[in-house]
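Participant: sharing a model prediction with you, sequence too.
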Amino acid sequence: MVESSGGELPPDVPVWQCGKCKWWWVPGDNVFDLKHAFEVKREYNQRWRKGSPITGFALPVVLTMILTIGLGMAVMSVRDRTLIQTQAESNIEQVVVIYSNGKAEVRFISKGDPGVVAYKRQTDTEWIQVSPVKIAEWSRFEVDGVTPGEKIWVSFGVEIRQMTVGKEL
């Protein structure tokens with residue numbers, strides 16, 4: 001048996017611990033002194049609103065992490081939406097869809113730099129962002145995995161156009 005002392009135990013109450021089974025032993029009537037010491041400590045903590053040290057530290061840390069992650073996700077969402085709306089030029093004059101070998105090539109004429117354009121097929125749940133390639137006055141990008149007669153939507157900033165993929169050339 002080893003006499004235990006330390007942080008949670010009152011210094012004036014002897015408490016023994018078995019080195020083999022790790023059980024605690026309180027000799028004689030000292031169990032009543034130990035009970036009284038713990039009642040005083042609990043009353044002190046309740047009166048001064050002291051929680052356990054882990055809740056005083058862990059709760060603010062967890063809440064800060066949750067708020068930071070949520071704020072980061074909100075910023076990323078707003079940034080992505082703004083990227084689609086502000087970088088793409090909405091002054092689109094002409095849009096042509098050409099189909100060949102399971103791909104639709106979307107060509108369009110814009111008055112300025114088209115920036116980022118987004119498209120969505122009938123089977124897509126999310127918008128897919130692309131950077132069109134400018135060749136002379138036309139800008140173009142490809143949409144893979146489409147069939148003739150399938151509808152696609154193209155977002156030029158705030159302007160969204162629906163087109164039907166035509167027959168193969």
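Facilitator: Looks like it arrived, so ask away. Residues are numbered from 1 along each chain as shown.

Participant: how many residues are close by Tyr119?
Facilitator: Using other CB atoms under 10 Å, Tyr119 is surrounded by 21 other residues. Every residue, glycine included, has its C-beta placed from N, CA and C.

Participant: grab the nearest non-local neighbour of it.
Facilitator: Among residues not flanking Tyr119 along the chain, Val154 sits closest, at 4.9 Å (CB to CB, 6 or more residues apart in numbering).

Participant: beta partners of the one you found?
Facilitator: Counting by DSSP bridges, Val154 forms beta bridges with Tyr119, Arg161.

Participant: what's the distance between it and Arg161?
Facilitator: Using CB to CB, to the nearest Å, Val154 is found at 5 Å from Arg161.

Participant: list residues touching both of those two?
Facilitator: Residues touching both Val154 and Arg161 (CB atoms under 8 Å, 6 or more residues apart in numbering): Val95.

Participant: which one of these two has more residues nearby?
Facilitator: Legend: neighbour count by other CB under 10 Å for Val154 and Arg161, higher for Val154 (24 against 14).

Participant: that one and Lys22, how far apart?
Facilitator: In terms of CB to CB, Val154 sits 70 Å off from Lys22.

Participant: could you do Phe141 as well?
Facilitator: For Phe141, the distance to Lys22 - CB to CB - is 69 Å.

Participant: between the two, which is the more surrounded one?
Facilitator: Taking neighbours as other CB under 10 Å, Phe141 and Lys22 compare with Phe141 leading, 18 against 7.

Participant: tell me the helices and strands packed up against the strand or helix carrying the more buried one.
Facilitator: For Phe141, the element it lies in under DSSP states H and E is strand 138-144. Counting contacts by 3 or more CB pairs under 8 Å, 6 or more residues apart in numbering; DSSP states H and E, strand 138-144 packs against strand 103-110, strand 117-121, strand 133-135.

Participant: so what's the gap between that strand and the chain middle?
Facilitator: 31 Å (CA atoms, centre = their mean, to the nearest Å).
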